[in-house]
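Student: below are the sequence and a predicted model for it; my questions follow.
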Amino acid sequence: MLNRVILIIALIICGGFAYLVSAQYQPLPIQEDLNQKILGKWVAEADSDILMVYHSDGKLLSYYKGVFHRERKWEFTDVCDRANVRDLQEWDYGILKITAIDDESDYMCYVVQGLESVLTLLRIPEGNLLIYDRVVE
């Protein structure tokens, strides 16, 4: 009888814990949504002369004072350097990897903390915060 009571109490505790964990967990947006949301033009809040243009083919073009500066590749990924999507906070959108066109070893990783009318990127591992405003045309 005592074993049954202990078993019932253990099941109740485990069930309560599982409920609390599932209630706090909110899945990250699916990758297709992220890929669509980031498309377009973004101007840096720190320097309005910096413009980043994300294209659907994975190209990222940067401009300074209206002059083309550099072409890179972008992608959302599950792991980049020391960042892993499992480690993200519930308010984070995902991990963005930006890579040089001609050198796969030349890349930067960011945690995307905002992706609506404002793009907020936290550089990994440095922790630099970059903020861009969407250019509405």
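Tutor: Noted; the coordinates are in hand.

Student: tally of neighbours for residue 68?
Tutor: 11 (other CB atoms under 10 Å). Backbone N, C-alpha and C define where each C-beta goes, glycine included.

Student: in the lengthiest strand in the chain, what's buried?
Tutor: Looking across the chain with DSSP state E, the single longest strand is strand 67-77. Within strand 67-77, the residues that count as buried by 16 or more other CB atoms under 10 Å are 72-77.

Student: same check on stretch 93-100?
Tutor: 93-99.

Student: and the furthest pair within those?
Tutor: The distance between the two most remote of the buried residues of stretch 93-100 (CB to CB) is 18.9 Å, for 93 and 99.

Student: min pLDDT across the buried residues of strand 67-77, which one?
Tutor: In terms of pLDDT, the lowest of those is residue 77, showing 84.

Student: how close does the closest residue to that one other than its chain neighbours sit to residue 106?
Tutor: Spatial nearest neighbour of residue 77, excluding adjacent residues (CB to CB, 6 or more residues apart in numbering): residue 97 at 4.8 Å. Distance of residue 97 to residue 106, computed by CB to CB, to the nearest Å: 11 Å.

Student: and for residue 68?
Tutor: 19 Å.

Student: contact partners of stretch 106-115?
Tutor: Contact with stretch 106-115 is made by 34, 37-38, 76, 80-81, 83, 88, 91-100, 119-124, 130-131, as judged by CB atoms under 8 Å, 6 or more residues apart in numbering.
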